[in-house]
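Engineer: this one's sequence-less:
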C-alpha cells in the first residue's frame, strides 16, 4: 500500500542518503532506512491489495523459498568505486585530465549540477579503465563471452529520464580530452560510433556532435573551456542500427539477377561488409580501436545458441511477431558491431539503457539482466531521489472476480471475455465498413472514460498556469493499426459517408472525449490537431510507411502539411515524406511553438520510441498485450520524464510529480532464477506452407445468429434466461490507484453516470436492437418497429436488468454491454416468428465478427513442444503437421488424405474456428475437430465440419443442434462463404470414409 508522505527522500545530486525498506514481496514497509539500497532487480509499483497465497504478482522468493541473490558484480564494483570516490583527488590514480573533469563534474557550485547517477555511471567506467583495469576484467570478459564474443562491453543501467545522453557526452569528453593530450596512450580513443535504436533517437543524439549548435558539452558545461578543443577534434558518427543492414547496390529484377549473377547473385548486387562500413563510418576509416556507445542497448546481443523460450507460457501470435522482430533487430545490431570490430577494431562498447535485459526471442530468459552491467541506478532509486515522475497504478476495485484490478490489465480482461473483441492487425477490405469505434469493448471504454475524467482535472489545473504554456499529454498504446484507428476515431473523431453511390456525402463525427476531439463544434476538422495517430516503430525504422498505416493516417498527415504552410515553413512541404512530417510532430509533442505543441492525446500502434523526450505525459493507457515486465517498464518509461527540475527551497528536493497508468500489468519483482532447468524440449513450428496456398480453407467468424422478422406485432416472452446481472465485475464502479510510495486517488465512474438519463440509454439500446436484428429482405431497417422496440426494451430494463453492488443501469451506454442486452431481448422475441399471418418465414442469417469476418488456415503459425505429430501430405493440407492428442485424431487425418473427394482438410487446432452456442443460459463457444473441403459433384465444393464424439452429454447435444439448426443454415443463407455441412461421427473413425460419402452424396442428390 502506498504512503501519504512524500516519496522523495533523498537529493538527486548526492549519494542516496536514505531508501525505503522493502518487504519480501518488494513492497515498502514504511521504514526509511539510512544509506543506499543494494542493487537488486525491483520494479517499483504497488501490489494489488487483494491477493491469494500465490497471486499473479511475483515476490522476491523463488519456488524453493530461497531469497533472490542481489546483483553481486554490480554491488562489488559499487563498493570499490564508493571507497575510491571518497579519496582525496591526489590519490584517485587517474590522469590529470580525468581528474580535472571529475572535479568539474562534482563541483557543487555548478549552475547546472549533474545528478549523482550521471556521475556514478562515468566514475564506474573510469574506475574500471584507469584505476583498477585488471580487478574485474576477467569477470566482465566472461560475462561477454556468450552474447558478445570478441567484444568488451560495459553496461550502465539508468532509469528513463535520468540523463543518459548527458552521460554519453561525459564519456566522449573523458576519452577525447585524454586522447588529445596523450595520443600514445591506448586506454583512450578519439573515434566514436554512437548507435541508436531508431531515427528519432539518432536525431536527438546530434547534441553529442561538438559542432551542433546545442551540443551538450557547452550547453551543460560538461567540459572546462580550456579542454574543449580536445572534444572538437574527436570524430563522431551517430547512426541507427538499421544502417548496418547490407543494402542493394542496384535495383535489378529477379530474373536479371539469376541471369547475370549466377550462384553469387546476392553478393553481386548487395553491399559487402566493407562497403557498409565505408557508408556508415566513413569518417572513422583510418582510426583504430574506436569507442562504441549503444543507446538503449537491450536491442543488441548475439542470440543464445540452442536457447529458447519454450519453457515459458505459450506466446500469442502478436507476441511471436514481437519476439521475432526483437531477435532480428538484435542480430542486425550485433552483426554490425562485429563487422566494425573486424575491419577497424573496437576498444570498448559502452551500453546505456534503462532496461538492459534480454528480450523475448533472445534465447535467454526474458528479462534477464545483462551480465556485463557494472552500474545500476534503477527506477526506484530515481523515484526516491525525485528524478522521475512516480507511476500510480490500480491497486483495488469493487469487482469480485480476480485478484488484480480490472483496469490494471485491460487488454487481457477484454480478450479473456471475448478473444475477438479487438480486431486483427490491419484493416481487411471485408470488415472495413463495419469498423465502428462504438463497438469497442465496454471495459476498454470505461477505463478510457475514467482516466480521461482525471485528465480533465489535470488539464483545467494547467490552464490556470500560463507559465506551463502547453497541455498535459495522454498516451494510448495499442496492439495494431486497426485497434489504434478505432481508438483514435473514438477519442478524436472520424469521417463517415451518409447516403449511397453518387448521393453519398461525408460527415464528421466528433470525438467522444471533448478535449481530444479533432472536430470543432461546427462539424469541421480543427486547424490544429489535438489527437495524433502514429506507428512509432515504422517511423523509427526509416523505411517508408506501410500502405495500411498510410491509409488510416492520411487525413492527419494532410492536416499537418497544411499547418506547416500556415506557419510559413521555408521548406518545400510537398517534398517532405509522410514519415518525416509525423516524426517531426511526434518529436515536438509538448514543445511550445512547434508542430506538435498542441497535441493532447497520442495514440500509438507500438510503444512509442525509446528516449521519446516528451516530459508533459501525465496519463497512460495500455491497449495491448504486455507479456513481459520489460515491456511494461519501457512503456511506463514514456511518461516518467519530469516537467520541472526546480528544487523546492523548503526541502532541498524536487517536488513530487505523478503519472497515472492504466492497462499496464506491472508486477513488482523479481530477479530471474539461474537454476538449471535441464535441456529444453524440442520445438516444432506448425505453419501454413506458402507453396500449398491453393489448399487454403477459409471460414466465417460467426458471433451469433439473427432472423429477419415477418411483419407482425412482437410479443416478448421473458424467462430466467432473459435476466442480465450487472456487477462491478463487468465494469468496476470504483478503482483506487496508488504509487508504490505517495498519494493515491480514486476513479469513480458513478459521478459521470448520475448525470446520464436512463431513458436515453433505453432509447440507445432499442436503436441497437433495431439495427442489429430488424431488417427486411433487402437489408433496410424496419424503422416502423422502433416505438414497439423502445417499449419492449424499457420493460426488459425494468424486469430483467439486475444491477448489484451500486452498479448503475446507465452502464449499458457501453456498446459491448448493450449488445449483450439486445441479444437477450432478441431471444425473448423468437416466439413471435411462429405462424406469421401472411405465411412468410423469417430468414436466418449469421452475425459476423465486426473486425474479422473470415478466418483462414493461412494465419496459422505457432510453435509446439508436443511430440504426437502427423506429417501431412503436401497435396491435401495447407499446414505442415497435424498436432494430435489421441490416436483417433491422427487416424481421421489419414482417412481424409486417402479420400479422392477430399481436396483439402485441416485439424481445428490454433485455427480460431469457433461456433457460438447457448447452454444453461450462457453463450459458449465450441471448436469442432476438423474442416474438410469435399468435391461431391456440386457446383462448388462442400465445406464439411466434422466432429468425432463418443459419449454425448447435454452440452454435446446443444453443440450439434446449434450446428445443424443455426450455424449451417445461417452461413448457407448468407451466400458468401460457399456451401457448408456438418457431420457428427459417433465412434472412432474406422468407418469415417463411408459415413462422409454417405453424408455428402445425398446432399447432391437432393439438389
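Structural biologist: Sure thing, it's come through. Here the structure is a predicted model, which is why all the values come from computation and not from measurement.
Engineer: longest single helix anywhere in the protein?
Structural biologist: If you go by DSSP state H, the chain has its longest helix at helix 317-343.
Engineer: Can you give me the buried ones in it?
Structural biologist: 317, 319-320, 322-323, 326-327, 329-330, 332-341 (16 or more other CB atoms under 10 Å). In short, each C-beta sits where N, CA and C put it, glycine included.
Engineer: where along the stretch 651-800 of the chain do the strands fall?
Structural biologist: With strands called from DSSP state E, counting those that start in this stretch, the stretch 651-800 of the chain shows them at 658-662, 684-687, 698-700, 702-708, 724-726, 734-738, 745-748.
Engineer: Given the last one, what are its sheet partners and their directions?
Structural biologist: For strand 745-748, the pairing partners within the sheet under DSSP bridges are strand 734-738 (antiparallel).
Engineer: Next, the angle strand 658-662 makes with the partner strand.
Structural biologist: Orientation of strand 734-738 against strand 658-662 (axes from the mean of the first three to the mean of the last three CA atoms, to 10 degrees) gives an angle of 130 degrees.
Engineer: just how off-centre is strand 734-738 within its chain?
Structural biologist: 23 Å (CA atoms, centre = their mean, to the nearest Å).
Engineer: next one: stretch 384-403
Structural biologist: 19 Å.
Engineer: just to revisit the earlier point, dump the strands of the stretch 651-800 of the chain to a markdown table, plus distance to residue 378.
Structural biologist: Output for the strands of the stretch 651-800 of the chain, formatted as a markdown table (distance: least, CB to CB, whole Å):
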| stretch | distance to residue 378 |
| --- | --- |
| strand 658-662 | 17 |
| strand 684-687 | 37 |
| strand 698-700 | 49 |
| strand 702-708 | 45 |
| strand 724-726 | 43 |
| strand 734-738 | 20 |
| strand 745-748 | 25 |
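Engineer: Would you mind measuring from residue 650 to residue 657?
Structural biologist: Distance, residue 650 to residue 657, using CB to CB, to the nearest Å: 16 Å.
Engineer: swap that for residue 895, sorry
Structural biologist: 67 Å.
Engineer: Likewise for residue 11?
Structural biologist: Counting by CB to CB - residue 11 and residue 657 are separated by 17 Å.
Engineer: same check, this time on residue 138
Structural biologist: 43 Å.
Engineer: With residue 387 instead?
Structural biologist: As judged by CB to CB, residue 387 and residue 657 stand 10 Å apart.
Engineer: swap in residue 719?
Structural biologist: 55 Å.
Engineer: out of these two, which sits in the more crowded spot?
Structural biologist: Neighbours per residue (other CB atoms under 10 Å) separate residue 719 from residue 657, with residue 657 holding more: 18 against 12.
Engineer: That one and residue 644 touch, don't they?
Structural biologist: Yes: taking contacts as CB atoms under 8 Å, residue 657 lies within contact range of residue 644: 7.4 Å.
Engineer: what's near enough to touch the nearest residue to residue 103 once chain neighbours are set aside?
Structural biologist: Closest residue to residue 103 apart from its sequence neighbours, by CB to CB, 6 or more residues apart in numbering: residue 89 at 6.3 Å. Residues in contact with residue 89, defined by CB atoms under 8 Å, 6 or more residues apart in numbering, are 99, 102, 103.
Engineer: and the last one, that one's in a helix?
Structural biologist: Translated: residue 103. Yes: under DSSP: H, G, I helix; E, B strand; the rest coil, residue 103 falls within a helix.
Engineer: Run a quick neighbour tally on it.
Structural biologist: 12.
Engineer: Same question for the second one.
Structural biologist: Residues lying near residue 102 (other CB under 10 Å) number 20.
Engineer: 55 is where my numbering starts, stick with that
Structural biologist: That works, and once the first residue is 55, the last one we named lands at residue 156.
Engineer: my read: it touches residue 181, true?
Structural biologist: No: counting by CB under 8 Å, residue 156 does not reach residue 181; the two are 10.7 Å apart.
Engineer: Need the pLDDT of residue 902.
Structural biologist: The model reports residue 902 with a pLDDT of 89.
Engineer: contacting residues for it?
Structural biologist: Neighbours of residue 902 in contact, by CB under 8 Å, 6+ apart: 488, 754, 755, 756, 757.
Engineer: Buried ones only from those residues, please, as a ChimeraX command.
Structural biologist: Those of the contacts of residue 902 that count as buried under 16+ other CB under 10 Å are selected in ChimeraX with:
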select :754,755,756,757
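Engineer: Go through the contacts of residue 902 and say which is closest to residue 430.
Structural biologist: The shortest approach to residue 430 among the contacts of residue 902 belongs to residue 755, at 48.0 Å (CB to CB).
Engineer: that older thread, and the longest helix of the chain, what does it pack onto?
Structural biologist: Judged by 3 or more CB pairs under 8 Å, 6 or more residues apart in numbering; DSSP states H and E, the packing partners of helix 371-397 are strand 245-250, helix 327-334, strand 344-349, strand 400-407, strand 915-918.
Engineer: quick one: which of the ones you listed is nearest residue 498?
Structural biologist: strand 915-918 (26.1 Å).
Engineer: and the next helix or strand after that closest one, what does it pack onto?
Structural biologist: Using DSSP states H and E, the helix or strand that follows strand 915-918 in sequence is strand 923-925. Using 3+ CB pairs under 8 Å, 6+ apart, the elements in contact with strand 923-925 are strand 935-937, helix 941-952.
Engineer: Can you tell me what sits against strand 923-925?
Structural biologist: Contacts for strand 923-925 (CB under 8 Å, 6+ apart): 738, 934, 935, 936, 937, 938, 944, 947, 948.
Engineer: ok, how many other residues are close to residue 696?
Structural biologist: Neighbour count of residue 696, defined by other CB under 10 Å: 17.
Engineer: and the residue lying closest to it once chain neighbours are set aside, what does it touch?
Structural biologist: Spatially, and ignoring its direct neighbours in sequence, residue 696 is nearest to residue 711 (5.7 Å; CB to CB, 6+ apart). Listed by CB under 8 Å, 6+ apart, the contact set of residue 711 reads 443, 444, 696, 697, 698.
Engineer: If we use 10 Å, what do you get?
Structural biologist: By CB atoms under 10 Å, 6 or more residues apart in numbering, the contact set of residue 711 is 62, 440, 442-444, 669, 672, 694-698, 796.
Engineer: Can you flag which of those residues belong to strands?
Structural biologist: Among these, the members falling in strands (DSSP state E) are 444, 672.
Engineer: Adding distance to residue 282, write the contacts of residue 711 out as a markdown table.
Structural biologist: Shown next, in a markdown table, are the contacts of residue 711 (distance: CB to CB, whole Å):
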| residue | distance to residue 282 |
| --- | --- |
| 62 | 35 |
| 440 | 31 |
| 442 | 31 |
| 443 | 34 |
| 444 | 38 |
| 669 | 28 |
| 672 | 38 |
| 694 | 32 |
| 695 | 28 |
| 696 | 29 |
| 697 | 31 |
| 698 | 30 |
| 796 | 42 |
